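K.L.:
this is a predicted model, with the sequence first.
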Amino acid sequence: MQGEEVQRRLAALREQYAERIGNDLQTLMAQARELAARQRAVEPEALESLRHGLHRIAGSAGTFGYPALGQEAREMELWVQTVLETAVAPTSPMLTTLHDRLSGSYRLLENSATASVAEPQADYELVSGERAIRIAIMAEGDTHGLLQSLSGFGYDCRCLTQIEEWRSWRPDVVIIDTAHVEPAVWQASVAEVPSAMRVLLSDDRGFDARLQAVRAGAQGFFTHPLDVPALERRLRHLVSLPQQDPYRVLIVDDDVELAEHFRLTLKVAGIESRVIDQPSDVLRGLREFVPDLVLIDINMPGCSGTELARLIRFDDDWLRIPLIYLSAESDAERQAQALAQAGDDFLVKPISDVALTAAVTARAQRSRQLSQALARDGLTGLIKHPAIKELIEIEQSRTQRSGAEACVVMIDIDRFKSINDTYGHGTGDYVIRLLANLLRQRLRRVDHVGRYGGEEFVAVLPACSLDNACEAIERIRESFAQMECVAGKAVFHATFSAGVSSTFDWTDAGALLEAADRAMYEAKQSGRNRVCVARDTSV
Ligand SMILES: Nc1nc2c(ncn2[C@@H]2O[C@H](COP(=O)(O)OP(=O)(O)OP(=O)(O)O)[C@@H](O)[C@H]2O)c(=O)[nH]1
């Protein structure tokens, strides 16, 4: 969906909302009038219905450009709430006053035909990821190795020397070696591109050096000798390269228009969401959509948000997902009560689009980082052994169902023991991460790559022919062999051997993996640093 289309739909929603809220106010006025005219005591159910109606308006009017109406509804809601809690029957004059305030609100709505709707944020653009990320390196001496390594990961890297180059090339990230470049020099260059993110390199590991980096506006800090895979991970995190799937948010709210408004607002910021207006559908929504976080309205008929949060927490599968209440409840004590039952945080409605997007992004990012840390290998951030085996099974059965070919690749770093023995275990780990990052960068978004064992990796390539898989792995093999691995003052090259098998040749997931493993051994036997294809010799 393009930005203009989203804005058009948001405007249509606002119109729809104004019409609905007008009808809701008229219904509430009729209820208050009827209650005021009664000779007998008012039942709590009738008051609860009034409160619920006012609560919905209080939580949504601000979002659609009617902040004064939202505030007025909130005050009326609190009044009804107090009456309900004190269990003192409201008198007829009290209810007449409520009716008059509701009429005032209705006039407020009519007079706000040109409501002060917040303009779409100028800095919101649909997420794209078309050009390569530009990285400028400011360092003394030989930067060839770093340039080559980062280029190998798909970044467009340059060392810029002239101010004019900074102005015209406009890097996304600047890496500055503060140990060798004077502050005045790098600050003048960086001032030309204030939007560029800064990563500082230093010889000093201490707290003060880190604090200075924070004060210099740095988003990353590394010390020499440089851990290139860790630097690359930080860069990917900073620029959110497109292989990062959009964050996913499940919105549970019975106010369909408000929920749709939230969905579209998040969509503009590149966040995918799905709306559920029936609490009973939430488990299905979680299973099908697998969100990074859930936004839950507190006040819903039939099942409250807190009950729903507790119900979700019954299931271990969803323990890692933050449950955030999005509610018009502004009373701190009630918020604390809700959080004590379940749920992780509170966002108070009405909430501006900018605040909603910022709050959701920060929490979704944290949630994703945590679940990745749990499900992934600590050294490389790749998926672990059991998950990768499951993915092979999924691809195998997809081939049987739809006839699409998928490939499995087994990759093993060559003579890894001797790398450990020569340069130490730490350098061995560094080489493992170097290859992990390269695989992640070079494979497609739909591909999966896992760490199978020590220096062994498995890649699963869906919708991919054997020829294409071999070509892709061959290119990665060449890049890896050219990368410079740094161990103190020493520079060396590492290589890998790989075996590729196809779901067309093996119908059993275990046999498919074994075939890739056999082909990888064949590559080792025939000299290493090569890719071999598994052939089905039984046919
Ligand atoms: N640094 C490091 N080493 C590991 C890790 N896991 C396994 N290893 C080491 O990796 C080495 C693997 O060596 P081998 O399987 O004998 O094979 P190789 O030396 O890679 O030789 P070929 O595979 O025949 O090319 C062993 O020495 C393991 O101790 C790890 O996480 N980090």
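P.N.:
The structure has been received and is ready for your questions.

K.L.:
tell me, how many residues neighbour the closest residue to V42 other than its chain neighbours?
P.N.:
Ranked by Cβ to Cβ, 6 or more residues apart in numbering and with sequence neighbours excluded, the top spatial neighbour of V42 is L35, at 5.2 Å. (Glycine included, C-beta is placed from N, CA and C.) Residues near L35, counting by other Cβ atoms under 10 Å, number 20.

K.L.:
so who does L35 touch?
P.N.:
V42, A46, L50, P90, L95 (Cβ atoms under 8 Å, 6 or more residues apart in numbering).

K.L.:
same thing but 7 Å
P.N.:
V42, A46, L95 (Cβ atoms under 7 Å, 6 or more residues apart in numbering).

K.L.:
what about the ligand: which of those residues touch it?
P.N.:
With the criterion set as Cβ under 6 Å from any ligand atom, no member of the contacts of L35 is near the ligand.

K.L.:
just those now: which is nearest the ligand?
P.N.:
A46 (67.8 Å; Cβ to the nearest ligand atom).

K.L.:
for the helix or strand hosting that closest one, the distance to its chain's centre please.
P.N.:
Element membership for A46 (DSSP states H and E) is helix 44-60. A distance of 34 Å separates the centroid of the chain from that of helix 44-60, by Cα atoms, centre = their mean, to the nearest Å.

K.L.:
one step back: which of the contacts of L35 are buried?
P.N.:
Neighbour-count burial (16 or more other Cβ atoms under 10 Å) applied to those gives V42, L95.

K.L.:
which one of the contacts of L35 is nearest to L339?
P.N.:
A46 (30.3 Å; Cβ to Cβ).

K.L.:
what's the distance between the closest residue to that closest one other than its chain neighbours and the ligand?
P.N.:
Distance criterion Cβ to Cβ, 6+ apart; nearest residue to A46, sequence neighbours excluded, is L35 at 6.0 Å. Separation of L35 from the ligand (Cβ to the nearest ligand atom, to the nearest Å): 72 Å.

K.L.:
now L35: how far from E85?
P.N.:
Per Cβ to Cβ, to the nearest Å, L35 is found 18 Å from E85.

K.L.:
in the stretch 251-400 of the chain, which residue sits nearest the ligand?
P.N.:
Distances between the stretch 251-400 of the chain and the ligand by Cβ to the nearest ligand atom are smallest at L379, namely 6.0 Å.

K.L.:
what about that residue, which SS state?
P.N.:
coil (DSSP: H, G, I helix; E, B strand; the rest coil).

K.L.:
for it, the count of nearby residues, please.
P.N.:
A count of neighbours around L379, defined by other Cβ under 10 Å, yields 14.

K.L.:
surely it touches G428?
P.N.:
No: counting by Cβ atoms under 7 Å, L379 stays clear of G428, with 10.3 Å between them.

K.L.:
now do the helix holding A46: everything it contacts.
P.N.:
With Cβ under 7 Å, 6+ apart as the test, helix 44-60 has contacts from 21, 24, 27-28, 31-32, 35, 69-70, 73-74, 76-77, 80-81, 83-84, 255, 258, 299, 327-328, 349-350.

K.L.:
what about those, which are in strands?
P.N.:
Judged by DSSP state E, the subset of those located in strands is S327.

K.L.:
what about the protein, any weak spots by pLDDT?
P.N.:
Along the chain, the parts satisfying pLDDT under 70 run over 1-3, 39, 87, 112-131, 240-244, 372-374, 537-539.

K.L.:
center of it, which residue is that?
P.N.:
Y247 (3.2 Å; Cα atoms, centre = their mean).

K.L.:
give me every residue that touches it.
P.N.:
Y247 neighbours (Cβ under 7 Å, 6+ apart): I271, D292, T361, A364, R368.
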